[in-house]
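Student: sequence first, predicted model second:
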Amino acid sequence: KITESAKKSLASLKRKNPHIEPTLAIIQAHNDHLIQEANKNFAKEVGLRAVHICLPEGSSKDEIVNEILRLNDDPNVQGLALDLPESLCSSKVLNAVKPEKDVDGLSSVNLGHLVHGDVSDCLAPPTACAVMELLKDLGGKTVLLVGAVGVVGAALQSMLQREGAVVISCHWKAPQLQNELRHADVVVFGSMKPDDVPVSWIKPGTTSISCCHNLLSEKRDYGEQNNPAAENSVGALAIAMRMQNMVKTMEQWIQSRQYKKWDLRCLKLQPLSPVPSDIEISRAQSPRAVDVLAKEIGLLTDEIEIYGHTKAKVRLSLLERLKDQPDGKYVLVAGITPTPLGEGKSTVTLGLVQALTAHLNINSFACLRQPSQGPTFGVKGGAAGGGYAQVIPMEEFNLHLTGDIHAITAANNLLAAAIDARILHENTQSDKSLYNRLVPVVNGMRGFSAIQLVRLRKLGINKTDPETLTEEEISKFARLDIDPSTITWQRVVDTNDRFLRKITVGQANTEKGFVRQAQFDIAVASEIMAILALSTSLQDMKERLGKMVVANDKKGEPVTAEDLGVTGALAVLMKDAIKPTLMQTLEGTPVFVHAGPFANIAHGNSSVLADKIALKLVGDKGFVVTEAGFGADIGMEKFFNIKCRASGLVPSVVVLVATVRALKMHGGGPNVTAGAPLKKEYTEENLQLVADGCCNLQKQIQITQLFGVPVVVALNVFKTDSPAEVDLVCKIAKQSGAFDAVPCNHWSAGGKGAVKLAQAVEEAANQKNSFKYLYSLELPIVEKIRIIAQKVYGAQDIELSPTAQSQVDRYTQQGFGNLPICMAKTHLSLSHQPERKGVPTGFILPISDVRASIGAGFIYPLVGTMSTMPGLPTRPCFYDIDLDPITEQVKGLF
């Protein structure tokens with residue numbers, strides 16, 4: 001009956017969840033093959049997969065615990081049972097089993113729930129369940145438990161009492177044992193009856209049950225004359241109950257993997273006036289433990305990898321678990337053309353999610369880019385937001401984080417090393433020597449590696465035996481014939497170092513005269529960073545890494561990372577970097593930090609994977625707020641035309657960030673220089689400057705409207721802004737087509753200061769959305785560049801240099817013409833000239849060069865002279881950064 005019930009329940013679960021394979025692992029440390037066989041047979045009958053881990057009979061408790069811990073972490077094992085000698089069933093061993101996998105109900109957590117009456121939250125030991133199954137109508141009866149110690153004894157006592165029985169417990173050596181046996185209505189033996197306890201002590205007609213596993217006989221009559229008492233064994237029944245518990249465990253496992261409503265406890269803010277420094281504010285707030293935060297937003301324990309107290313990587317398996325969960329609303333924060341100081345997009349992003357979740361009780365997630373060390377120690381400082389709208393701890397956010405940028409640097413430079421080394425080896429070896437080294441004999445055997453077989457297929461050589469290649473095939477396989485003058489792959493470092501903009505490599509004698517000019521880029525400009533940001537899975541990332549074109553061969557054909565045989569190694573270096581990092585805001589709302597491509601020299605958006613995971617976690621009524629670098633003309637345009645194409649996601653709203661300061665600059669105000677005091681025009685009311693500068697705001701609104709998405713203007717308010725200036729900007733924004741325009745004070749007040757913005761965004765997200773791309777991918781490369789230049793930047797036309805035109809022709813001939821465009825352009829103006837503010841018109845946009853990031857999946861034209869390696873100023877930020885050697889606290893970050 002029990003087996004049949006469990007079988008039906010499991011079959012129903014499998015019909016609803018066809019991909020699951022319910023697996024029960026059983027650890028045993030004895031040689032009783034009968035019990036092992038019984039478990040296998042019952043499991044097979046029910047439809048479970050049973051895996052036996054047979055440890056030697058003399059195994060220690062530590063060895064058993066180690067095996068338990070391994071199975072706890074195995075995502076393919078849903079239930080764990082123990083068949084151990086009583087001497088090994090210590091609290092240490094039993095409590096090593098995860099409560100959610102504890103099929104035998106032996107952990108303190110399960111027992112605690114059982115004793116407290118929380119029956120729905122626990123599993124009872126199968127032996128105890130089997131005893132209860134055999135006993136009926138216990139009300140008022142006396143039940144004697146003899147030799148029933150430990151968890152099973154405690155569970156039995158609790159269950160029997162709940163059924164109204166009077167329970168007495170004693171051990172075999174107890175002096176009152178004979179008397180108790182004479183008066184008991186039911187006797188339950190928890191262990192084998194000693195020979196010196198005669199059956200005659202048991203009152204005739206008493207129900208007698210043995211908890212010992214006796215599979216040879218389910219019922220044993222002691223044969224005493226005039227004593228009809230018989231002993232019922234629970235052996236087989238207990239195993240059936242174990243399988244029933246396993247089915248219940250599967251039900252709970254499936255339920256635990258369903259979307260859960262958030263149970264988030266936000267942190268309270270107590271803003272001070274005047275507002276302290278960013279790092280002082282960050283340090284004054286105690287962040288929640290990241291594992292607690294993860295649990296509250298519905299992440300499972302096996303979906304996070306914890307880095308310290310406040311950071312955790314989130315595994316991509318979550319996307320499979322929540323694949324049927326509807327996405328939330330998708331919000332992009334962009335901005336007007338900024339001053340060199342930045343206008344606070346990150347701050348607005350964080351203020352908005354703090355307002356949504358901590359003040360309006362709406363699930364929300366911020367998705368931010370990881371900051372580069374270059375700006376952190378250069379001029380701009382960190383990127384954790386600011387004031388009372390920050391990611392915390394801000395020093396951990398701004399410094400190293402979980403090492404993703406270091407992984408990108410390692411992968412990038414491994415590929416760079418592989419390119420130069422391959423050229424050297426091809427220049428100094430014959431075809432035969434090269435082939436013998438590429439495909440060596442190992443232990444008397446010679447074989448191609450997996451990636452070499454891929455190269456053979458690409459060359460049209462359908463052979464797998466290295467000994468069968470002809471001389472011509474050996475030459476084709478072994479020689480990439482890279483043309484050094486066409487190498488586009490540069491080494492990278494995550495530091496602003498102007499002296500690495502042009503270098504010479506290969507000057508040592510060991511490189512045998514192979515000298516060439518090269519350069520370093522900043523790490524976040526690496527194509528691998530763009531790939532990290534645009535990948536949709538680990539497999540997708542690996543394929544993109546293999547497609548990266550690093551140079552051309554001497555016939556003009558592209559040479560890829562896959563040709564160099566390095567794809568797998570790059571994927572290994574990036575396997576952890578692909579997982580988004582979970583952090584939190586000052587008010588305890590969740591943040592994903594993942595990928596950090598610059599927006600002027602790359603596509604400037606955080607990762608697709610972080611957005612996709614967040615959209616599942618927030619639920620269909622929640623919001624994911626992400627940010628695009630620099631002005632809407634750069635970061636937002638690339639977000640729509642590149643990132644949205646890669647992800648397939650459709651944005652609900654654009655939040656366009658503006659400041660009175662930046663608008664005054666666009667209205668003709670004096671230059672704004674990082675590190676220099678602001679001129680009086682920026683600190684005193686000047687309505688005319690503001691009105692004149694709103695032309696840039698109007699243009700950015702128009703750019704947003706090209707994509708058919710509602711736009712809400714967020715005016716980031718500074719203490720020097722007058723009420724009249726704020727009102728004027730909001731009025732002009734609404735007149736120019738913005739759905740709404742809202743002044744925000746989140747910098748000084750936290751989420752409370754962005755509640756009106758959050759309400760406007762929520763309302764705008766319910767408006768009709770007619771999202772569309774700016775251009776068709778099938779258009780020629782030059783035409784796509786022209787559309788962006790004219791419709792977005794306002795240029796009259798474009799002008800390609802001979803070099804740029806030659807590259808366009810080459811990429812088109814190589815089959816890369818259908819990729820989207822990623823313009824590398826100054827962020828300080830809509831034009832290519834940083835000094836031209838407002839809305840420049842009538843200019844010809846010069847395209848000096850055109851390059852391709854084939855793995856990332858875009859063509860990037862260089863507008864004018866764009867450096868991919870920033871330099872340090874006269875007084876970098878590092879002058880103010882210090883470490884207290886006593887407290888180990890970081891000082892001076894902003």
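Tutor: That came through, no problem. Residues are numbered from 1 along each chain as shown.

Student: helices or strands up against the helix ranked longest in the chain?
Tutor: When the chain is parsed with DSSP state H, its longest helix is helix 404-428. Using 3 or more Cβ pairs under 8 Å, 6 or more residues apart in numbering; DSSP states H and E, the elements in contact with helix 404-428 are helix 431-438, strand 491-493, helix 527-534, strand 549-552, helix 567-574. C-beta here means a position set from N, CA and C on the backbone, and glycine is covered the same way.

Student: need the winner for burial among the ones you listed.
Tutor: With neighbours defined as mean count of other Cβ atoms under 10 Å, the helices and strands packed on helix 404-428 peak in mean count at helix 527-534, which reaches a mean of 29.

Student: show residues contacting stretch 767-777.
Tutor: Here stretch 767-777 makes contact (Cβ atoms under 8 Å, 6 or more residues apart in numbering) with 637, 640-641, 644-645, 650-652, 706-710, 739, 783-784, 787-788, 791-792, 818-821.

Student: in it, what's buried?
Tutor: Neighbour counts over stretch 767-777 (16 or more other Cβ atoms under 10 Å) mark 769, 774, 775 as buried.

Student: what's the closest of the helices and strands packed on helix 404-428 to residue 351?
Tutor: When the helices and strands packed on helix 404-428 are compared by Cβ to Cβ, helix 527-534 sits nearest residue 351, at 23.7 Å.

Student: next SSE after the closest one?
Tutor: Going down the chain from helix 527-534, the next helix or strand is helix 538-547, by DSSP states H and E.

Student: so which bits of that next one are buried?
Tutor: By neighbour count on 16+ other Cβ under 10 Å, the buried set for helix 538-547 is 540, 541, 542, 543, 544, 545, 546, 547.

Student: and what of stretch 580-590?
Tutor: Across stretch 580-590, burial judged by 16+ other Cβ under 10 Å covers 580, 581, 582, 583, 584, 585, 586, 587, 588, 589, 590.

Student: stretch 836-844 now?
Tutor: By neighbour count on 16+ other Cβ under 10 Å, the buried set for stretch 836-844 is 836, 837, 838, 839, 840, 843.

Student: dump the residues you listed to a markdown table, plus pLDDT.
Tutor: Below are these laid out as a markdown table (pLDDT from 0 to 100):
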| residue | pLDDT |
| --- | --- |
| 836 | 95 |
| 837 | 95 |
| 838 | 95 |
| 839 | 97 |
| 840 | 97 |
| 843 | 96 |
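
Student: need the helices and strands packed on helix 404-428 in CSV (columns: distance to residue 850).
Tutor: Output for the helices and strands packed on helix 404-428, formatted as CSV (distance: least, Cβ to Cβ, whole Å):
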stretch, distance to residue 850
helix 431-438, 33
strand 491-493, 21
helix 527-534, 15
strand 549-552, 13
helix 567-574, 25
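
Student: to residue 399, which of these lies closest?
Tutor: Checking those against residue 399 by Cβ to Cβ gives strand 491-493 as the closest, at 15.8 Å.

Student: distance of the closest residue to residue 829 other than its chain neighbours relative to residue 521?
Tutor: Leaving aside its sequence neighbours, residue 829 sits nearest to residue 836 (Cβ to Cβ, 6 or more residues apart in numbering; 4.8 Å). From residue 836 across to residue 521, the span is 27 Å (Cβ to Cβ, to the nearest Å).

Student: next: residue 489.
Tutor: Using Cβ to Cβ, one obtains 10 Å as the distance from residue 489 to residue 521.

Student: which helix or strand in this protein has the lowest average pLDDT?
Tutor: When the helices and strands of the chain are compared on mean pLDDT, DSSP states H and E, strand 219-221 comes out lowest with a mean of 38.

Student: just the buried residues of stretch 580-590: which are in strands?
Tutor: 581, 582, 583, 584, 585, 590 (DSSP state E).

Student: those: which two are farthest apart?
Tutor: Maximum pairwise distance among those (Cβ to Cβ): 14.0 Å, between 581 and 585.

Student: phi first, then psi, for residue 321.
Tutor: Here is the backbone geometry of residue 321 (degrees, to the nearest 10): phi -60, psi -40.

Student: what about the spatially closest residue to residue 98 that is not a sequence neighbour, how many neighbours?
Tutor: Excluding the flanking residues, the one nearest residue 98 by Cβ to Cβ, 6+ apart is residue 72, at 4.7 Å. For residue 72, the neighbour count with other Cβ atoms under 10 Å is 17.

Student: mind checking how far residue 72 is from residue 150?
Tutor: Using Cβ to Cβ, we find residue 72 at a distance of 21 Å from residue 150.

Student: what's the answer for residue 758, then?
Tutor: 55 Å.

Student: of the two, who's got more company?
Tutor: residue 758 (27 against 16).

Student: quick one, grab the pLDDT at the more buried one.
Tutor: With respect to pLDDT, residue 758 scores 98.

Student: I'd assumed it was in a strand, is it?
Tutor: No: applying DSSP: H, G, I helix; E, B strand; the rest coil, one finds residue 758 to be helix, outside a strand.

Student: which residue is the nearest non-sequential neighbour of it?
Tutor: Nearest residue to residue 758 in three dimensions, chain neighbours excluded: residue 355, at 3.9 Å (Cβ to Cβ, 6+ apart).

Student: what about the closest residue to residue 31 other than its chain neighbours, how many neighbours?
Tutor: Distances taken as Cβ to Cβ, 6+ apart put residue 57 closest to residue 31, at 6.1 Å, once the chain neighbours are dropped. Burial of residue 57, expressed as a neighbour count using other Cβ under 10 Å, amounts to 10.

Student: export the buried residues of helix 538-547 to JSON lines and tack on pLDDT and distance to residue 657?
Tutor: Shown next, in JSON lines, are the buried residues of helix 538-547 (pLDDT from 0 to 100; distance: Cβ to Cβ, whole Å):
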{"residue": "540", "pLDDT": "98", "distance to residue 657": "31"}
{"residue": "541", "pLDDT": "98", "distance to residue 657": "31"}
{"residue": "542", "pLDDT": "98", "distance to residue 657": "36"}
{"residue": "543", "pLDDT": "97", "distance to residue 657": "36"}
{"residue": "544", "pLDDT": "98", "distance to residue 657": "31"}
{"residue": "545", "pLDDT": "98", "distance to residue 657": "34"}
{"residue": "546", "pLDDT": "97", "distance to residue 657": "38"}
{"residue": "547", "pLDDT": "97", "distance to residue 657": "35"}
